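>>> Let's see this in three dimensions:
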Amino acid sequence: MHELSIAESILDAVRAELLRYPGAKPLRVGLRIGVLAAVDIDSLSFCFESVVRGTDWDSLTLDAKSCPPTRRCLACLGDFESVEYNTLCPRCGDGNTISTGGDELDFDYLEVETDGASSTQVQSTE
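This next block holds a predicted model:
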């Protein structure tokens, strides 16, 4: 189950990001997970809850968003969502397309409490 190691890596990324915000408490971490990334979001959520349970970050929640596979047509330069692994461009019908998304596992945001009452959302720069 590689979802457990991913959950632990998420916590490592949160720790590293919190170094920029001394004294902040993490509330929610957001991820973008491509459907082709071979990550089961339910398993990842379960593993994440398991690794934060009983820690100072017990209330930290994971918000994982599934991202569809996307492609770019090299003939017309159109971007499109690939449905049922179809690689043909729906605009021009050309088959010369490249993958542009759907396999990502990206940090999207981290929501932190900075003064006990307010929260700040740190967006990913990727």
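>>> Mind naming the longest helix for the protein?
For the chain, the helix with the greatest residue count under DSSP state H is helix 2-18.
>>> where does this structure dip in pLDDT?
Residue ranges of the chain with pLDDT under 70: 1, 116-126.
>>> Mind jotting down where the strands sit in it?
Using DSSP state E, the strands assigned to the chain run over residues 25-34, 61-67, 70-73, 79-81, 97-101, 105-113, 119-123.
>>> do you know which of those strands lies nearest residue 45?
With C-beta to C-beta, the closest approach to residue 45 among the strands of the chain belongs to strand 61-67: 5.6 Å. In short, each C-beta sits where N, CA and C put it, glycine included.
>>> any residues touching the closest one, and which ones?
7, 10, 27-35, 41, 44-45, 48-49, 101-102, 104, 108 (C-beta atoms under 8 Å, 6 or more residues apart in numbering).
>>> Tabulate the strands of the chain in a markdown table, adding columns for mean neighbour count and distance to residue 3.
Formatted as a markdown table, the strands of the chain follow (neighbours: other C-beta atoms under 10 Å; distance: least, C-beta to C-beta, whole Å):
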| stretch | mean neighbour count | distance to residue 3 |
| --- | --- | --- |
| strand 25-34 | 20 | 10 |
| strand 61-67 | 15 | 11 |
| strand 70-73 | 18 | 23 |
| strand 79-81 | 15 | 25 |
| strand 97-101 | 15 | 21 |
| strand 105-113 | 18 | 11 |
| strand 119-123 | 13 | 24 |
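>>> Any chance of TSV for those, columns distance to residue 53?
Formatted as TSV, those follow (distance: least, C-beta to C-beta, whole Å):
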stretch	distance to residue 53
strand 25-34	15
strand 61-67	12
strand 70-73	35
strand 79-81	36
strand 97-101	32
strand 105-113	19
strand 119-123	22
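>>> Quick one, which of these gets closest to residue 16.
For those, the distance to residue 16 is smallest for strand 105-113, at 10.1 Å, taking C-beta to C-beta.
>>> Give the pairing partners of that closest one; include direction for each.
If you go by DSSP bridges, strand 105-113 pairs up with strand 25-34 (antiparallel), strand 119-123 (antiparallel).
>>> Quick one: work out the angle between that strand and helix 2-18.
Taking axes from the mean of the first three to the mean of the last three C-alpha atoms, to 10 degrees, one finds strand 105-113 and helix 2-18 inclined to each other by 50 degrees.
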